[in-house]
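Asker: Predicted model and sequence follow; I will ask about them next.
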Amino acid sequence: MNIISGRKTSTGRVSTSRAVLEELAQTYELPRLIIEYRELDKLKSVYTDALPHQIAADGRIHGQLNQTVAATGRLSSSDPNLQNIPIRTEQGRRIRAAFVAEKGNKLISADYSQLELRLLAHITRDEVMLDAFQKGDDIHNRTARLVFGAKTDEELKDARRFAKIVNFAIAYAIEPWGLSQRVGISRQEARKVIDDYYATYKGVRRYMDEIPVQAREHGYVRSLYGRIRPLPGINDRNANIRRAAEREGINMPIQGTASDIVKIAMLHVDEAFRREGLDAKMLMQVHDELLVECPKNQAEKVARTLKREMESAVELDVPLIAETGIGDNWMDAKKQ
DNA sequence: CCTGACTCC
DNA sequence: CATGGGAGTCAGG
């Protein structure tokens, strides 16, 4: 029996990636233990060991937010990176809970609900997706019904998880191989899922076809508010480089417009805090989330201001929704 | 200094 | 031949 997966890294070595170990874990015990060890090792080295050394004399961590790093217009965060604080696992969440408000203060987290999928609907003008968001429907349930034919509540519950992955993946031009890897189905099944998806969301398919054409013509793509991303590889003689540039071109208007909107919202939020005499400070931006600190007695009002300014930052063919939470630490501020 | 792995959106 | 996009940090070589 072949114990070692045949998959190789770019340097020709045997891969021990999470995906490979997951597959081996179905047959052997050791790979599962290695996965668990790596998870804890990562949390310890990157966060538990390193972050305390970054605390300044005022008891706070003052990282950098970089404006000219990401090609799409997103901010990036470094020294330390505060945009990748754990949240997915229980032990990870304990690290996030270590970010606390000053005594007498609260943390308010506000994040856009499905910002990029809403922008996919707006930018592609896909009628079915626009209709879902305009009616306030759950987009993943709609995909579960229309693409996977889920009817009963039971079917819907199962199909929604799958639909959610598919909504995000196909929106950025994943290929059958990638989808099959991601959700553990065959390439043939993945191909059918993608075909069915495009048959439902015809506007999305049209966008996927049109973007590469205009990218080849101009050599760049733009976000809704004019941010330009050059795509030097779009006419390369190497097809792999060309296809990579096409996917970057498909993704940029979505991700780039999201980053435009969050930046506009940040300006409006700052102005509103001033106007309303609120003693609130923006601490962090995490792509679709703003983290704010303010005195306890202003927290409810700050949360309402955040929500209002984020939702009205721009006017689109779909509503923008922001959800807020208040807590003594970053974890609790997000949970509510 | 690069690679692979892992964290986040 | 490679196979959704965007980042930063770490250990190990």
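Answerer: Right, received. Where do you want to start? Residues are numbered from 1 along each chain as shown, chains lettered A, B, ... in the order given.
Asker: Who are the packing partners of the helix or strand where residue A:36 lies?
Answerer: In the assignment (DSSP states H and E), residue A:36 maps to helix A:30-42. Secondary-structure packing of helix A:30-42 (3 or more C-beta pairs under 8 Å, 6 or more residues apart in numbering; DSSP states H and E): helix A:18-24. To be clear about C-beta, it is placed using only N, CA and C from the backbone, and glycine gets the same treatment.
Asker: switch to 10 Å and redo it
Answerer: Judged by 3 or more C-beta pairs under 10 Å, 6 or more residues apart in numbering; DSSP states H and E, helix A:30-42 is in contact with helix A:18-24, helix A:90-96.
Asker: By proximity to DNA strand C, which residue of the stretch 51-200 of chain A wins?
Answerer: residue A:178 (2.1 Å; C-beta to the nearest atom of the strand).
Asker: if we can go back for a sec, ok, is the helix holding residue A:36 in contact with DNA strand B or not?
Answerer: Yes: using C-beta under 7 Å from any atom of the strand, helix A:30-42 reaches DNA strand B at A:35, A:38, A:39, A:42.
Asker: who wins for most neighbours among those residues?
Answerer: Counting neighbours by other C-beta atoms under 10 Å, residue A:39 leads the residues of helix A:30-42 next to DNA strand B with 16 neighbours.
Asker: and the closest residue to that one other than its chain neighbours, backbone torsions?
Answerer: Leaving aside its sequence neighbours, residue A:39 sits nearest to residue A:89 (C-beta to C-beta, 6 or more residues apart in numbering; 6.9 Å). Torsion angles at residue A:89 (phi, psi; degrees, to the nearest 10) stand at phi -110, psi 160.
Asker: Please report how far residue A:89 lies from residue A:283.
Answerer: 23 Å (C-beta to C-beta, to the nearest Å).
Asker: Look at these two and report which has more neighbours.
Answerer: residue A:283 (18 against 12).
Asker: tell me the SS of whichever residue of the stretch 101-250 of chain A sits closest to DNA strand B?
Answerer: Residue nearest to DNA strand B within the stretch 101-250 of chain A: residue A:111 (7.2 Å; C-beta to the nearest atom of the strand). The three-state label given to residue A:111 by DSSP: H, G, I helix; E, B strand; the rest coil is strand.
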